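> Sequence and predicted model, in that order:
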Amino acid sequence: MYVATIIGPLSDNTLDDGSARLVATGCAPGRTAWLDWGKAADIFFEHDPAAARTALEGAFADTDVVVQPAATREKRLLVADMDSTMITVECIDELADYAGIKPQIAEITERAMRGELDFAGALDARVALLKGLEEGAIDRCLAERVRLMPGARTLVQTMRARGAYTVLVSGGFIRFAEPVGEQIGFDRVIANRLNVVAGALDGTVAKPIVDSGTKELALAEASAERGLSAEATLAVGDGANDLAMIGKAGLGVAFHAKPIVAAAAGARIDHGDLTALLWAQGIARADWIG
């Protein structure tokens, strides 16, 4: 049995239309159920999840659709990207603004996140451009620019309250990731370390770099430590360096993502905030925390 969760502005007609679309594709829909009336609902069906996703994605205005096996929809492990996923900005771009070179660095960031550049090389190149920036700019940037993505704290707090383990793993920097992880409530935080000499950035980042492979490994290790199957895991991110972990998770989600990620992920959230991932797990708003 599979479930298609439709998230967005909905009506009873949406569910009727959705069921009819599944009938037309041979997916054999069964019962429907509201998670939260007018906001999120499930359609259960028997066959061909890929065909169901194709039939439902984009069928209704401003909606997101998550299709997955019904029996394993609630997850026991969350591994999440930080920049532009758990927070609203790319920290390195905002930090570059304090050095007066944001456009130059932001262009490299965008290309790296689209998969057009090698991530490690692009990170080294961007950090090199920050050489000489006073260390205090990190704390100012954190206070003045970094904001949590809507739904981030609710997603993590609710999953933890229900027994899940949560990991924030970022190709960004630990000086941002640790306070962000603490504010949201992650169990563990992994990120890169900027090297500082005499109170200023020295233009290098500590090796080895936290990259796509690190994110994939974090998912694998956390799963093994807890004896979890892949089906019990959720990974979410927006950039090309998230593709590996998204591909290995039971539910891999592209969140307001770059095209290369949206095309490859098993699910995509284009319209809603991070609480969409609670509805996708069958958790109604009345049971959310935070």
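Received, thanks.
> Now do the SS call for the most centrally placed residue in the chain.
What sits nearest the mean C-alpha location of the chain, by Cα atoms, centre = their mean, is Val236, with 2.6 Å. Three-state assignment for Val236 (DSSP: H, G, I helix; E, B strand; the rest coil): strand.
> Show me where the stretch 101-250 of the chain has its strands.
Secondary structure of the stretch 101-250 of the chain by DSSP state E, counting those that start in this stretch: the strands cover 165-173, 188-192, 194-197, 200-205, 233-237.
> related to what we said a few turns ago, name the element the nearest residue to the residue nearest to the centre of the chain once chain neighbours are set aside belongs to?
Leaving aside its sequence neighbours, Val236 sits nearest to Val253 (Cβ to Cβ, 6 or more residues apart in numbering; 4.3 Å). For the C-beta atoms, the positions are set from N, CA and C on the backbone; glycine is no exception. Secondary structure assignment for Val253, by DSSP states H and E: strand 251-255.
> For that strand, enumerate the helices and strands it packs against.
Contact partners of strand 251-255 among helices and strands, from 3 or more Cβ pairs under 8 Å, 6 or more residues apart in numbering; DSSP states H and E: strand 64-69, strand 233-237, helix 243-248, helix 259-264, strand 267-269, helix 276-280.
> Save the ones you listed as CSV, and put in distance to Cys27 too.
Shown next, in CSV, are these (distance: least, Cβ to Cβ, whole Å):
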stretch, distance to Cys27
strand 64-69, 10
strand 233-237, 23
helix 243-248, 24
helix 259-264, 22
strand 267-269, 17
helix 276-280, 18
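> picking that back up, next up, the contacts around the residue nearest to Val236.
66, 234-237, 246, 265-269, 277, 280 (Cβ atoms under 8 Å, 6 or more residues apart in numbering).
> which of those residues has the most neighbours?
Using other Cβ atoms under 10 Å as the neighbour test, those are led by Gly237, with 33 neighbours.
> ok, now how distant is the closest residue to that one other than its chain neighbours from Asp48?
In this structure, Gly237 finds its nearest non-sequential neighbour in Asp81, 3.4 Å apart by Cβ to Cβ, 6+ apart. Applying Cβ to Cβ, to the nearest Å, the value for Asp81 to Asp48 is 30 Å.
> more crowded one of the two?
Asp81 (26 against 17).
> Would you mind measuring from the more buried one to Lys215?
With distances taken as Cβ to Cβ, Asp81 is found 7 Å from Lys215.
> swap in Leu78?
Leu78 is 13 Å from Lys215, by Cβ to Cβ.
> Give me the common contacts of the two.
Ala235.
> what's around Asp287, how many residues?
Neighbours of Asp287 using other Cβ under 10 Å come to 12.
> what sits against it?
Thr158.
> and if you look at the one 3 residues further on?
When contacts are counted by Cβ under 8 Å, 6+ apart, Gly290 is found next to Arg153, Thr154, Val156, Gln157, Thr158, Gly185.
> Repeat that for Asp238.
So, once contact is read as Cβ under 8 Å, 6+ apart, Asp238 ends up touching Asp81, Ser84, Thr85, Met113, Ala254, Phe255, His256, Ala257, Lys258, Val261.
> So the third one is in contact with Val236, correct?
Yes. Applying Cβ atoms under 8 Å, one finds Thr85 in contact with Val236, separated by 6.1 Å.
> intersection of neighbour lists for these two?
Asp242, Phe255.
> Roughly how far does the residue of the chain positioned farthest from its centre sit from Ala99?
For the chain, the C-alpha farthest from the mean C-alpha position belongs to Ala198; by Cα atoms, centre = their mean, that distance is 35.7 Å. From Ala198 across to Ala99, the span is 17 Å (Cβ to Cβ).
> Could you pull up the residues touching the nearest residue to Pro208 once chain neighbours are set aside?
Using Cβ to Cβ, 6+ apart and skipping the chain neighbours, the partner closest in space to Pro208 is Thr214 (7.6 Å). Residues near Thr214 by Cβ under 8 Å, 6+ apart: Val169, Ile190, Pro208.
> Could you report the distance from Thr214 to Tyr2?
Distance, Thr214 to Tyr2, by Cβ to Cβ: 32 Å.
> all helices of the stretch 101-250 of the chain, in order?
102-113, 119-129, 136-145, 152-161, 174-184, 212-225, 243-248 (DSSP state H, counting those that start in this stretch).
> what's the distance between the fifth one and the middle of its chain?
Which is helix 174-184. Chain-centre distance of helix 174-184: 16 Å, with Cα atoms, centre = their mean, to the nearest Å.
> re the thing from before, so for the strand holding Val253, mean pLDDT?
Average pLDDT, strand 251-255: 98.
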